[in-house]
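Trainee: sequence plus predicted model, see below.
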Amino acid sequence: MASISQASLGSIRGISCGLTQSAFHAMTPKLKIRSAISIPKLPSGDLLKNINAQNILFKNTRMVPLEIATSNGHTTKKEVSHEANIATTKLYMILEAVQDRIEMHKNIGEQRENWNSLLLNSLNMVTLTAVTMAGLGEMGGSVLPLKISSTLLFAAATGILLITNKIQPSQLVEEQRNAVRLLKQLQTKIQTTLSLQTPTGKDVEDAMEKVLALDRAYPLPLLGAMLDKFPNTFKPATWWPTKPSQQAHDGVHKSKACYHKNKGKMNGWSEELEEEMRSIVGVMDTRDMEDYVRLGNKALKLNKTLAMLGPSLMGMAAIGSALSGHGGSWGAPLAAMAGSMASIVNTIEHGGQVGMVFEMYRNCAGFFSLLEETVESNLEESDLGKRENGELFEMKMALHLGRSLSELRDFASKSRVN
């Protein structure tokens, strides 16, 4: 009985295990294992290098969607094209160069401002010391050492004053200030272009031309490239690239015909706005430009006179000091008087920064010349769509001239009546 029960129990266990395994196989889904598994291929080493190079090249660029035409005639948005990426990269390179130039002009301007103050103080100290020695030489005693020292000091002061008058440190400082201000304007314009639109090749070309024009207008080196500090005639500063002008009369007639055809404004322009701009240009040309040219010529003549008078007086003082004690007693008084007057002239010229005043007038005249050229270039453009927006252009002119829009219009209407 025990053996029968054990056999029965074993059979029952076998049956239950079989049922369990069959149920497990029934509940488990069948997996179909293929011999070839499709796995995407990893990029090769060369492809990874190209991708990394492109990421490094365009890490600073802004991805702007562009609409391009597909084969079925519809437009889809895609990332910036290769040409736009190149233009953006070039514009960033120009922006970096502009920032570097700003720092250089700023540092050199501070250095030349130190030149102006140090040279002025040193020259006055040397001159007054030489005058004192020349006066003490007439009091008797051993006058030879005082006479030699005074003569050497006057001669050294004459040479230093000639160099100082040649380079005009105060005018150099004003040039660097103007260069920094104009380069910052260009920097802001480039940043605005990168923020508001996709740069094009024309944007890159315009930025390059403006940078090179500023380099020519405000050079950094002193030898060879330094601007003439004593030109024959006063000329306004020019820091923008010059462009060939169109025929003004053809542009005006075409724009008027377009106004008549459209019966209203186009791109913010109207006949009234054109007349307003012409009136403003006329006033700037006949009043502002003439005033700054007249004042600039006066500053130029004064600077030339002081630049010649100072070394002449210093040279006379050196000669008087060398001849003191010979042929009468006029040498020492001449040295003292001429040296004192040379110190006064030097203080007026460099302490009063006459060269800086001349450069300021030159820059102001250039500013009005730029405004006049900007207005004329817009009015000469026959295609109104290619002009700057008229409303924005009017606001820009009002800001440049320090007036509100209503004041600018009243000013233009009064100038037309007069």
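Mentor: Structure's in. What do you need? Nothing here was measured: the structure is a model prediction, and the numbers come from that model. Numbering: from 1, shown residues only.
Trainee: what's the spacing between residue 384 and residue 310?
Mentor: 57 Å (Cβ to Cβ, to the nearest Å). Using the backbone N, CA and C atoms, a C-beta is placed for each residue, glycine as well.
Trainee: those two: who's more crowded?
Mentor: A direct count of neighbours by other Cβ atoms under 10 Å for residue 384 and residue 310 places residue 310 higher, at 28 against 20.
Trainee: contact partners for the more buried one?
Mentor: Applying Cβ atoms under 8 Å, 6 or more residues apart in numbering to residue 310 gives the contacts 161, 165, 342, 345, 346, 349.
Trainee: pretty sure it sits in a strand.
Mentor: No. Assessed by DSSP: H, G, I helix; E, B strand; the rest coil, residue 310 does not belong to a strand; its assignment is helix.
Trainee: how about it: what's its closest non-neighbour residue?
Mentor: Of all residues not flanking residue 310 in the chain, residue 345 sits nearest, at 4.4 Å (Cβ to Cβ, 6 or more residues apart in numbering).
Trainee: and the pLDDT for the one you found?
Mentor: Residue 345 is assigned a pLDDT of 95 by the prediction.
Trainee: what kind of secondary structure is it in?
Mentor: helix.
Trainee: all strands of the stretch 201-350 of the chain, in order?
Mentor: Applying DSSP state E, counting those that start in this stretch to the stretch 201-350 of the chain gives no strands.
Trainee: please apply the same query to the stretch 51-200 of the chain.
Mentor: Under DSSP E, counting those that start in this stretch, the stretch 51-200 of the chain gives strands at 66-69, 75-78.
Trainee: what residue is smack in the middle of this structure?
Mentor: Taking Cα atoms, centre = their mean, the centroid of the chain lies closest to residue 183, which sits 1.0 Å from it.
Trainee: thinking that residue is in contact with residue 95, fair?
Mentor: No. Contact between residue 183 and residue 95 fails when scored by Cβ atoms under 8 Å: they sit 10.8 Å apart.
Trainee: what pLDDT does residue 273 get?
Mentor: pLDDT, residue 273: 90.
Trainee: just give the nearest non-adjacent residue to it, would you?
Mentor: Spatial nearest neighbour of residue 273, chain neighbours left out: residue 390 (5.2 Å); criterion: Cβ to Cβ, 6+ apart.
Trainee: what sits against the one you found?
Mentor: 265, 267, 268, 269, 270, 273.
Trainee: which of those are buried?
Mentor: If you count burial by 16 or more other Cβ atoms under 10 Å, the buried members of those come out as 267, 269, 270, 273.
Trainee: what sits against the first one?
Mentor: Under the criterion of Cβ under 8 Å, 6+ apart, the neighbours of residue 267 are 384, 385, 387, 389, 390.
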